[in-house]
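Undergrad: Following is a predicted model, sequence given first.
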Amino acid sequence: WHSYVTSAPVGIVFVTMNYFVHSIMYGYYFLMAVGIKKRLNAKIITISQISQMVVGVFVSIVCFGVYYTTHDDELCYISKDNIVAAFLMYGSYLWLFLRFFFQRYKLRDSRVVRRRTTPTTTTTPTTNGIKKDK
């Protein structure tokens, strides 16, 4: 919203990314609501959200560079407040989505792999650490 109010030139980049990711996300929610099974893996939605945040951070960093190298206010239409707000927002969302991704998918996947690869051992009943003979 700040990009819209300040007429920030990069606002169109932020809006386009947001519309694209949300169309995937709400399309997935629609398919689930009408009972269509998972044709789209939920992990893809999280990856698209992470990608959006990476691009948002990158665009913010590029804008910082343009803002600080262009000292003429008539040539640079980038608002410093908008750059800071965008960087903080996209940076914090990036951290949150990465944290969610690793907790939800990577840790769970490694537990499943570990559980599958753990050998099953059968033990003979013991009494005080001494095996009983049959």
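TA: That came in fine, so what should we check first?

Undergrad: How about the contacts made by residue 46?
TA: With contacts taken as Cβ atoms under 8 Å, 6 or more residues apart in numbering, residue 46 has the following neighbours: 97, 100, 101, 104, 105. C-beta: built from backbone N, CA, C; applies to glycine.

Undergrad: Secondary structure element holding the third one?
TA: Using DSSP states H and E, residue 101 sits within helix 80-101.

Undergrad: Tell me the helices and strands packed up against that helix.
TA: Helices and strands in packing contact with helix 80-101 are listed as helix 2-5, helix 42-69; criterion 3 or more Cβ pairs under 8 Å, 6 or more residues apart in numbering; DSSP states H and E.

Undergrad: picking that back up, buried ones among the contacts of residue 46?
TA: In terms of neighbour count (16 or more other Cβ atoms under 10 Å), the buried residues within the contacts of residue 46 are 97, 101.

Undergrad: Lowest-confidence entry in the contacts of residue 46?
TA: Among those, residue 105 has the lowest pLDDT, at 85.

Undergrad: Residue 43 is in contact with that one, correct?
TA: Yes: counting by Cβ atoms under 8 Å, residue 105 does reach residue 43; the two are 5.6 Å apart.

Undergrad: ok, now which ones touch the spatially closest residue to residue 83 that is not a sequence neighbour?
TA: Here the nearest residue to residue 83 in space, its sequence neighbours aside, is residue 63; by Cβ to Cβ, 6 or more residues apart in numbering that works out to 4.8 Å. With contacts defined as Cβ under 8 Å, 6+ apart, residue 63 is in contact with 10, 78, 83, 86.
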